[in-house]
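Colleague: build me a model from this:
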Amino acid sequence: MSAVDRLAYVRHSIARAEREYGRPAGSVQLVAVSKTYDAPAILPVLEEGQRVFGENKVQEAKGKWPALRTRFADVELHLIGPLQSNKTAEAVALFDVIETVDREKIAREIAKEIARQSLAPRLYVQVNTGEEEQKAGISPREAVAFVARCRAEFGLAVEGLMCIPPAEDAPGPHFALLEKLAREAGVAKLSMGMSGDYETAVGFGATSVRVGSAIFGARNYA
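Modeller: Numbers count the residues shown, from 1 in each chain. Purely as a prediction, here's the structure:
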């Protein structure tokens, strides 16, 4: 199957899950995760009408998206990987959505750059639902207070939460926890679900799913 064929399958699967779980048609946004894939691999998916993409690294995104956006100006670009404070200015300039706000230092730097650049990327707080030491994200017990602090202290309009469940766990309880925290924090958006579990995420209220290898094929990390 080509990337275009796989894109069609993923779109169909999301629509089917929306129906099965009683979600409104079109209520779940597909974020095509293009990390590690070069422009020629992304181009057929763009030409097929996909406009929302996710990248893990600021530098990698800078290397390919400015040129692609000269042809596809309506692309919406999400940062879905950890943000280093020294990359904040570039991230605010490049990304429409930053899904990985996870600590006070980053919140402060983003607020500073939003004011300096007069840009307003949409923001999500990443929650480490599995409390894994090696994974980014704020702990679930701190998430609601952190969202409130982002709003009150830094003036950030946080609109959603994001999570990446532990690979060895069933994803459902993590998705349910994120949905509960979102209600408590008063945010409407839930970024959860990846190539292996995005249909499950739809059932737990995901408003966007992040799908990479199921569209572009297996990644080569060499």
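Colleague: so which residues of the chain form helices?
Modeller: For the chain, the helices defined by DSSP state H occupy 3-20, 39-47, 58-71, 88-94, 104-117, 140-154, 171-185, 198-203, 213-216.
Colleague: from these, which stretch is densest packed?
Modeller: Ranked by mean neighbour count, the helices of the chain are led by helix 198-203 with a mean of 22 (mean count of other CB atoms under 10 Å). Heads up, the C-betas are built off the backbone N, CA and C, glycines and all.
Colleague: what's that helix packed up against?
Modeller: For helix 198-203, the elements it packs on are helix 3-20, helix 171-185, strand 208-211, judged by 3 or more CB pairs under 8 Å, 6 or more residues apart in numbering; DSSP states H and E.
Colleague: show me what the residue lying closest to residue 100 once chain neighbours are set aside bridges to in the sheet.
Modeller: Distances taken as CB to CB, 6 or more residues apart in numbering place residue 126 nearest to residue 100, at 4.6 Å, with adjacent residues excluded. Counting by DSSP bridges, residue 126 is bridged to residue 162.
Colleague: excluding sequence neighbours, find me the nearest residue to residue 217.
Modeller: Distances taken as CB to CB, 6+ apart place residue 3 nearest to residue 217, at 6.9 Å, with adjacent residues excluded.
Colleague: so what's the one you found up against?
Modeller: 41, 44-45, 215-217 (CB atoms under 8 Å, 6 or more residues apart in numbering).
Colleague: low-confidence regions, the protein specifically.
Modeller: 220-222 (pLDDT under 70).
Colleague: repeat that with 90
Modeller: The chain contains residues with pLDDT under 90 at 1, 217-222.
Colleague: number of residues surrounding the closest residue to residue 150 other than its chain neighbours?
Modeller: Nearest non-adjacent residue to residue 150, counting by CB to CB, 6+ apart: residue 156, 4.3 Å away. Residues contacting residue 156 under the criterion other CB atoms under 10 Å number 22.
Colleague: how close does residue 156 sit to residue 81?
Modeller: For residue 156, the distance to residue 81 equals 19 Å [CB to CB, to the nearest Å].
Colleague: try residue 197
Modeller: If you measure residue 197 against residue 81 using CB to CB, the figure is 19 Å.
Colleague: what does residue 118 give?
Modeller: Per CB to CB, residue 118 is found 25 Å from residue 81.
Colleague: re earlier: export the helices and strands packed on helix 198-203 to CSV and tack on distance to residue 113?
Modeller: Shown next, in CSV, are these (distance: least, CB to CB, whole Å):
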stretch, distance to residue 113
helix 3-20, 33
helix 171-185, 23
strand 208-211, 23
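Colleague: for residue 99, find the nearest of those.
Modeller: Closest approach to residue 99 among those is made by strand 208-211 (8.4 Å; CB to CB).
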